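*Asks:* give the three-dimensional model of this entry:
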Amino acid sequence: MRHLSTSRCAFVALLLAAAPAVSPSPARGQLRGLPVFFDPTYSYDTRAGVDVGHGGEAGGTAIAVTASRLYQTGNCKRVAVSGGVGTLNPRGGDFETHLMAGALASVLVNPCPRPTSISNPTFRVFAGAGAVHGENGTVADLPIGVGAGYMVPLAIGRIEVWATPRAHYRGSLPPLGHRGWDFAVSGGLNIGVASLGGVRAALDCCEGGVGVGYGFSLWF
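*Replies:* I've put the predicted structure just below:
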């Protein structure tokens, strides 16, 4: 991993100052209260950042440290692996105090036309696992779904519009309690700035209402 340059440090400071003002937000791992984000194929291979979610099924606030890695396979960065850990503070939810962790892997299904090229639009299939732990127990979550994104190149970066419809299999552990399938969809924007990093914004619907999320990451 390279040392951060002066320009990258300045970029981090700008993002930290601007993050609360970002408009509403594979993925960051299955972290309850956060949208399932879509991994852009045009960033550096390794990314690390922070994601925040409000409302939706959690009805409160989720904050997580997240990281992801893209792996080159043939002409494409075909495989993406993501994960994160954080806290969840719901209003009137199932738990009073929460810790959460999750991971998710996605695979690009459409081909890249030539070496190091970027497919556009991009289609991925993904699956993951996550858990939220509180004083009343643990809830496990297994999401599976598809994602689609379309990238628009700009002079100083790129904007990608994406959506991730999916199904979740959820259950409490232990004791074995309620289990069943839920369906949801996230959609939003990935915005990349040169080769420094990016910001994310998304909406999540519809279990528990509409939630919003946002985040930023550095690229290495």
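
*Asks:* hey, let's count contacts and neighbours off CA atoms from now on
*Replies:* Noted.

*Asks:* now Val185: how far from Ala131?
*Replies:* The gap separating Val185 from Ala131 is 19 Å, by CA to CA, to the nearest Å.

*Asks:* so the two - more neighbours on which side?
*Replies:* Neighbours per residue, other CA atoms under 10 Å: of Val185 and Ala131, the larger number sits with Ala131, 23 against 19.

*Asks:* what about the closest residue in space to the more buried one that isn't next to it in sequence, which helix or strand?
*Replies:* Excluding the flanking residues, the one nearest Ala131 by CA to CA, 6 or more residues apart in numbering is Ala140, at 4.3 Å. Ala140 belongs to strand 137-153 when assigned by DSSP states H and E.

*Asks:* which helix or strand lies directly C-terminal to that strand?
*Replies:* Sequence order places strand 157-173 as the next helix or strand after strand 137-153, per DSSP H and E.

*Asks:* would you mark the buried spots in that following strand?
*Replies:* Neighbour-count burial for strand 157-173, counted by 16 or more other CA atoms under 10 Å, picks out 157-168, 170-172.

*Asks:* what is the burial count for the residue nearest to Ala64 when sequence neighbours are not counted?
*Replies:* Nearest residue to Ala64, sequence neighbours excluded (CA to CA, 6+ apart): Gly86, at 3.9 Å. Gly86: 20 surrounding residues under other CA under 10 Å.

*Asks:* the strand or helix carrying Gly86 - contacts with which helices or strands?
*Replies:* Here Gly86, judged by DSSP H and E, is contained in strand 76-89. Judged by 3 or more CA pairs under 8 Å, 6 or more residues apart in numbering; DSSP states H and E, strand 76-89 is in contact with strand 60-73, strand 98-108.

*Asks:* tell me the contacts of the residue nearest to Ala64?
*Replies:* Residues near Gly86 by CA atoms under 8 Å, 6 or more residues apart in numbering: Ala62, Ile63, Ala64, Val65, Leu99, Met100, Ala101.

*Asks:* what about the third one, distance to Thr87?
*Replies:* Spelled out, it's Ala64. Ala64 is 6 Å from Thr87, where distance means CA to CA.

*Asks:* show me which of those two is the more surrounded one.
*Replies:* Applying other CA under 10 Å to Ala64 and Thr87 shows that Ala64 carries more neighbours, namely 24 against 21.

*Asks:* what separates the more buried one from Gly187, distance-wise?
*Replies:* For Ala64, the distance to Gly187 equals 19 Å [CA to CA].

*Asks:* ditto for Leu31
*Replies:* Leu31 is 16 Å from Gly187, by CA to CA.

*Asks:* more crowded one of those two?
*Replies:* More neighbours surround Leu31 than the other of Leu31 and Gly187, with 32 against 23 (other CA under 10 Å).

*Asks:* who does the closest residue in space to the more buried one that isn't next to it in sequence form a beta bridge with?
*Replies:* Leaving aside its sequence neighbours, Leu31 sits nearest to Gly102 (CA to CA, 6+ apart; 5.8 Å). Listed beta-bridge partners, Gly102: Gly84, Gly130 (assigned using DSSP bridges).

*Asks:* so that it lines up with my notes, have the first residue be 55 from now on.
*Replies:* In the new numbering, first residue 55, that becomes Gly156.

*Asks:* report how many residues lie close to Gly156.
*Replies:* 23.

*Asks:* good, wrapping up.
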